[in-house]
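Chemist: got a sequence here, can you model it:
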Amino acid sequence: MNWGMKIVLGMGAFMIFIVCTVLYMVNKDTDTLIDENYYEKGLVYDEIYARKQNLQDDDAQPRIAIQNDTLILHFSSEGIKGELNFLRSSDGSLDKIIPLYTSTNVFKLPIKTLAKGSWILEVNWESNQREYLYSQSIFIQ
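Modeler: Predicted coordinates for the structure are as follows:
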């Protein structure tokens, strides 16, 4: 085998490697966004912005604490109705939406069933005919 044939075989092997790598990356789909419905959220961004602005205007940020296996949310007002969105950036299949109803200003949620690690907690609620949205990163141990 002469050196010309070795060059052709080397280039062929390299091209096969590149094609296999591209096919693997396309099929694996590891570069998805955290939000798969980002386009729909972009269309209603004015509503999201208004909820965040209400949060700042009313100084209604909830205090979030984790004690033992319980997530505790302290709100500035009573009569809360909404939902909690637990988003896992490393695995979207673990995302959870939990309804939020309380007549007091404290909400407690057992978090034993949630996987340990980093989460994004979005609290979306309504109180006194005003809507709020708050987001915070939390770490569950």
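Chemist: helices of this structure, start to end?
Modeler: Taking DSSP state H as the test, the helices found in the chain are 3-28, 38-43, 45-57.
Chemist: which residue, other than its chain neighbours, is closest to the residue nearest to the spatial centre of the chain?
Modeler: Nearest residue to the geometric centre of the chain (C-alpha atoms, centre = their mean): Leu87, 3.1 Å. Nearest in space to Leu87, with sequence neighbours left out and distances taken as C-beta to C-beta, 6 or more residues apart in numbering, is Ile120 at 4.2 Å. Any C-beta I mention is one placed from the backbone N, CA and C, and that applies to glycine too.
Chemist: confidence score at the residue nearest to the centre of the chain?
Modeler: Turning to Leu87, the model gives it a pLDDT of 90.
Chemist: contacts only, for it.
Modeler: Neighbouring residues of Leu87 by C-beta atoms under 8 Å, 6 or more residues apart in numbering: Ile34, Asp95, Trp119, Ile120, Leu121, Glu122.
Chemist: any idea how many residues pack against Leu55?
Modeler: Residues within reach of Leu55, counting by other C-beta atoms under 10 Å, total 21.
Chemist: name the residues linked to the residue nearest to it when sequence neighbours are not counted by a beta bridge.
Modeler: With C-beta to C-beta, 6+ apart as the criterion, Leu55 has its nearest non-adjacent residue at 4.8 Å, and that residue is Tyr132. Bridge pairing for Tyr132 (DSSP bridges) gives the partners Trp125.
Chemist: where does Tyr132 land on pLDDT?
Modeler: Per-residue confidence for Tyr132 comes out at a pLDDT of 94.
Chemist: that older thread, doesn't Ile140 make contact with the residue nearest to Leu87?
Modeler: No - here Ile120 lies out of contact with Ile140, judged by C-beta atoms under 8 Å, at a distance of 11.7 Å.
Chemist: for the protein, where's the lowest mean pLDDT among helices and strands?
Modeler: Within the chain, judged by mean pLDDT, DSSP states H and E, the helix or strand with the poorest mean is helix 38-43; its value is a mean of 81.
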